[in-house]
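Visitor: Any chance you could fold what I've pasted below:
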Amino acid sequence: MDRTIPYGATILLAFIRKTEVGREDRASYDVIFANKQGKLPVPLTSMTYGDIIDAQRAWSKNHGSSAAGAYQFMRATLIDLAKANPWISGSDPFTPELQDQLGYQLLLRRGYAPAARTIVRLMTIDRNNLTKAQTMTVAAIEERLPDLVEARDVVESFHGMLRRKSSGDLGAWIERAAKSLVASFANGVIRDRAAIQKAITSQWSNGQTEGQITKLKLIKRQMYGKRSADGVRLEVPWHKRLDIGYRPALNNAGQGLR
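Guide: As a prediction, this is how the structure comes out:
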């Protein structure tokens with residue numbers, strides 16, 4: 001199974017594969033309708049995408065159906081998938097990984113949706129860093145949720161303002177954002193507009209402060225359950241203890257706590 005496909009989708013695809021061809025192993029990707037794959041000159045996974053589409057016309061006449069692969073793709077379906085996904089080439093081998101990606105594409109068409117956290121992550125990743133499966137997911141999201149696409153573009157334009165330090169674009173951005181899914185964020189920007197304009201143009205940043213706060217919170221969370229002073233000291237690296245003159249407490253046997 002293609003590891004770039006969300007885990008929940010892989011479970012559903014495995015169920016569909018078992019239902020369609022009666023097996024889940026590697027050989028399931030070479031099955032054609034009525035289990036006639038033994039009559040093929042080469043295994044299905046050794047053929048190219050284009051070869052299979054060409055051969056499926058004869059399979060429909062000879063076997064009663066053009067269904068092929070682990071998910072029993074019909075000829076019309078493969079043609080339609082190739083038109084909808086420019087990254088698919090007729091010279092691509094019909095590998096198990098490609099079949100999984102095509103099966104996942106069909107799940108997306110039928111309404112399958114990844115977790116909200118996954119959607120947010122995929123919508124904010126640079127397009128050049130997406131896998132084929134992730135690209136299909138983003139394409140399906142953009143097709144069905146145009147408002148979410150607009151919200152992503154609004155957020156990216158705000159980041160652009162910060163990078164360019166162009167506070168003059170803030171007014172137009174607020175007007176656009178107020179009509180999008182991030183309208184509540186736009187209202188907050190309106191309330192603190194003067195401060196935000198200065199933050200955009202200022203050379204100073206509180207990034208260093210926020211980083212130290214994050215580090216402090218991490219240490220605080222590590223302290224949960226360690227209420228004694230010695231328990232807290234155990235979290236301090238040895239070289240730091242020597243710097244501050246700390247000496248570990250001894251237990252009854254005269255051994256250090258660590």
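Visitor: What's the separation between residue 201 and residue 168?
Guide: In this view, residue 201 and residue 168 are 10 Å apart by C-beta to C-beta, to the nearest Å. Placement of C-beta: from N, CA and C, glycine included.
Visitor: from what I can see residue 133 touches residue 104, true?
Guide: Yes. Residue 133 lies in contact with residue 104 (C-beta atoms under 8 Å); the separation is 5.7 Å.
Visitor: Show me which of those two is the more surrounded one.
Guide: Neighbours per residue (other C-beta atoms under 10 Å) separate residue 133 from residue 104, with residue 104 holding more: 26 against 20.
Visitor: The more buried one contacts residue 132, correct?
Guide: No. Residue 104 is beyond contact range of residue 132, at 9.4 Å (criterion: C-beta under 8 Å).
Visitor: wait, what's in contact with residue 106?
Guide: Listed by C-beta atoms under 8 Å, 6 or more residues apart in numbering, the contact partners of residue 106 are 71, 77, 81.
Visitor: What number of residues are in the vicinity of the last one?
Guide: Read that as residue 81. Neighbours of residue 81 (other C-beta under 10 Å): 18.
Visitor: Assess the claim that it and residue 88 are in contact.
Guide: Yes. At 6.6 Å, residue 81 counts as touching residue 88 under the criterion of C-beta under 8 Å.
Visitor: Walking through the stretch 101-250 of the chain, point out its helices one by one.
Guide: Under the criterion DSSP state H, counting those that start in this stretch, the stretch 101-250 of the chain carries helices at the ranges 116-124, 132-144, 146-164, 170-177, 183-191, 193-201, 207-222, 229-233, 238-243.
Visitor: right, and the ones you listed - which one's nearest residue 18?
Guide: helix 132-144 (20.5 Å; C-beta to C-beta).
Visitor: then the closest one to PDB, C-alphas only?
Guide: The C-alpha atoms that make up helix 132-144 are tabulated as PDB, following Å, rounded to 0.1, in the frame of the first residue of the first chain:
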ATOM      1  CA  LYS A 132       1.000  12.300  -6.000                       C
ATOM      2  CA  ALA A 133      -1.500  11.100  -3.400                       C
ATOM      3  CA  GLN A 134      -1.400  14.400  -1.500                       C
ATOM      4  CA  THR A 135      -1.800  16.300  -4.800                       C
ATOM      5  CA  MET A 136      -4.900  14.400  -5.600                       C
ATOM      6  CA  THR A 137      -6.300  15.100  -2.100                       C
ATOM      7  CA  VAL A 138      -5.600  18.800  -2.500                       C
ATOM      8  CA  ALA A 139      -7.200  18.900  -5.900                       C
ATOM      9  CA  ALA A 140     -10.400  17.200  -4.600                       C
ATOM     10  CA  ILE A 141     -10.500  19.700  -1.700                       C
ATOM     11  CA  GLU A 142     -10.100  22.700  -4.000                       C
ATOM     12  CA  GLU A 143     -12.800  21.400  -6.300                       C
ATOM     13  CA  ARG A 144     -15.400  20.900  -3.500                       C
END
